[in-house]
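**Student:** the following block contains a protein sequence and its predicted model.
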Amino acid sequence: MTGREKIFASVGAVVFRGDEALVIRRGREPLKGQWSIPGGKIEYGEPLHDAVAREVREETGVEIRVVGLLDVFESLPAADGAPHYIMIDYVAEWVSGEPRPGDDAEAAEFVPFEEAKARISWDTTRRAMDRAAQWRAGALTRS
């Protein structure tokens, strides 16, 4: 099986601490050097909520409480041989810990929500952040 035939399942979280959101600068491809929300691949047999909490902890040192499912997004393969990604994004609240980069993040910090969103270069992640803000405001059905 080549890289073009693989599908990867991943989780991510829009993590709030008051009016701030947690962002990371990616230390590896895809999107190395760009800002995103913390997240990563699900391990075999790992429950989704455990996976997202683990990924946030590994990348940022922050402990979270998952409070809702935002959406499921996908990144389809491109001609350059990139794999197919399924991304399951959650909204979460900060519980403890100060951000510090770890795992494949080269930076991690809480910044005001609008600044966090402005740093994100990928439209799909900005859409997830908008949904998280709507969810917090009670404009989305909570699941």
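**Tutor:** Yes, it's here. This structure is a prediction, so every number in the text was calculated from the model and none was measured.
**Student:** just the helices in this protein please.
**Tutor:** Per DSSP state H, the chain carries helices over the ranges 48-60, 113-119, 123-136.
**Student:** check the burial of the nearest residue to residue 135 once chain neighbours are set aside by counting its neighbours.
**Tutor:** Sequence neighbours aside, residue 91 is the residue nearest to residue 135 in space, at 5.0 Å (criterion: Cβ to Cβ, 6 or more residues apart in numbering). Using the backbone N, CA and C atoms, a C-beta is placed for each residue, glycine as well. A count of nearby residues for residue 91, using other Cβ atoms under 10 Å, gives 24.
**Student:** same question for residue 22.
**Tutor:** Neighbours of residue 22 (other Cβ under 10 Å): 24.
**Student:** and for the closest residue to it other than its chain neighbours, the neighbour number?
**Tutor:** Once flanking residues are discounted, residue 22 sits nearest to residue 15: 3.9 Å by Cβ to Cβ, 6+ apart. Residue 15 has 29 neighbouring residues, counting by other Cβ under 10 Å.
**Student:** next one: the one 4 residues further on
**Tutor:** Close neighbours of residue 19, defined as other Cβ under 10 Å, add up to 10.
**Student:** do you know how far it is from residue 32?
**Tutor:** 29 Å (Cβ to Cβ, to the nearest Å).
**Student:** now residue 90
**Tutor:** To residue 32, residue 90 is 24 Å away according to Cβ to Cβ.
**Student:** for the two, indicate the residue with more neighbours.
**Tutor:** residue 90 (27 against 11).
**Student:** pretty sure the more buried one is touching residue 12, no?
**Tutor:** Yes: using Cβ atoms under 8 Å, residue 90 is in contact with residue 12, at 7.3 Å.
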